[in-house]
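Undergrad: coordinates for the following, if possible.
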Amino acid sequence: MRLHAYFRSSTSYRLRIALNLKGLDYEIEPVNLLKSEQRGDAYRARNPFAGVPMLEAGGRDRAQSMAILEWLDEAYPDRPLLPRDAEDRFTVRELSYAIATELHAVNNLPVLQYLKNELGHSQDDIDTWYRHWLMKTLVPVETRLTQLGVKETLHERPGLFEVVLVPQMYNARRFDFDFSGMPNMTRIEAACLALPEFQRAHPDNQPDTPQGA
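TA: Now for the predicted structure:
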């Protein structure tokens, strides 16, 4: 497998964690989003969405991180990312898709660049936008985790929820988001970051991580 990824992309980070948790071998092919390498003709011919990650696997190029994660779990059922019980799977998807669709979708790099370059918003405006959507989604996620009585992981081991949550928290911290009132998420994050699968996937440890980043 070959993962086309950018070190700081939260969706690339998701895929790296998932591949590590499932024990699958893969190579990293860096794609520099700041240099718009994802918009080049050769890349767009393979991935018309012009984003990362893209996973070369099973004889085709696969785009859209959530679809890839679900495909990985079906194609490689060992070390599943989703629990066996249908109600537990619903809980994982409820929380994971809240972050992926209500938070990440409005805070990803193309949206932020559009706000700045096309609509002329200041960096202060963009930072306010970013934190608004963090609050709107992470507060109810934290409330749900309290209702569920979650400890260090949502279920017995890290899975799809943790794969989605930890990268989003990494990005949120870059925007100085205050997690002090969210003990469930910070406890889960700390437990995950102690694991080698998450450490190897961290943006600081990638082949395209700039020195001093």
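
Undergrad: quick one: mean pLDDT for the longest helix anywhere in the chain?
TA: Ordering each helix of the chain by length in residues (DSSP state H) puts helix 123-148 first. Taken as a whole, helix 123-148 carries a mean pLDDT of 94.

Undergrad: mind giving me the packing neighbours of it?
TA: Helix 123-148 sits against helix 86-97, helix 105-107, helix 109-113, helix 160-174, helix 183-193, with contacts defined as 3 or more CB pairs under 8 Å, 6 or more residues apart in numbering; DSSP states H and E. The C-beta positions use only the backbone N, C-alpha and C, and glycine is treated the same way.

Undergrad: tell me the domain ranges of this protein?
TA: For the chain, the TED database gives the domain ranges 2-79, 86-198.

Undergrad: any idea how far the first one is from the middle of the chain?
TA: Using CA atoms, centre = their mean, to the nearest Å, we find the averaged C-alpha position of domain 2-79 to lie 11 Å away from the chain's own average C-alpha position.

Undergrad: straight-line length of that domain, end to end?
TA: Length of domain 2-79, first residue to last, CA to CA, to the nearest Å: 20 Å.

Undergrad: what average pLDDT does that domain get?
TA: 96.

Undergrad: before we move on, back to that, how about the domains of the chain, which one is nearest P210?
TA: Closest to P210 of the domains of the chain is domain 2-79 (CB to CB; 8.1 Å).

Undergrad: circling back: would you mark the buried spots in the longest helix of the chain?
TA: 126, 129-131, 133-134, 137-138, 141-142, 144-145 (16 or more other CB atoms under 10 Å).

Undergrad: tell me the angle that helix makes with helix 86-97.
TA: Calculated by axes from the mean of the first three to the mean of the last three CA atoms, to 10 degrees, helix 123-148 forms an angle of 170 degrees with helix 86-97.

Undergrad: coming back round to it: any chance of the domains of the chain in a markdown table, with distance to G212 too?
TA: Formatted as a markdown table, these follow (distance: least, CB to CB, whole Å):
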| stretch | distance to G212 |
| --- | --- |
| domain 2-79 | 13 |
| domain 86-198 | 15 |
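
Undergrad: nearest to Q211, out of those domains?
TA: Among these, the nearest to Q211 by CB to CB is domain 2-79 (11.9 Å).

Undergrad: returning to that earlier point: tabulate the buried residues of helix 123-148 (JSON lines), appending distance to Y13.
TA: Output for the buried residues of helix 123-148, formatted as JSON lines (distance: CB to CB, whole Å):
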{"residue": "I126", "distance to Y13": "21"}
{"residue": "W129", "distance to Y13": "21"}
{"residue": "Y130", "distance to Y13": "17"}
{"residue": "R131", "distance to Y13": "20"}
{"residue": "W133", "distance to Y13": "18"}
{"residue": "L134", "distance to Y13": "17"}
{"residue": "T137", "distance to Y13": "18"}
{"residue": "L138", "distance to Y13": "17"}
{"residue": "V141", "distance to Y13": "18"}
{"residue": "E142", "distance to Y13": "21"}
{"residue": "R144", "distance to Y13": "22"}
{"residue": "L145", "distance to Y13": "21"}
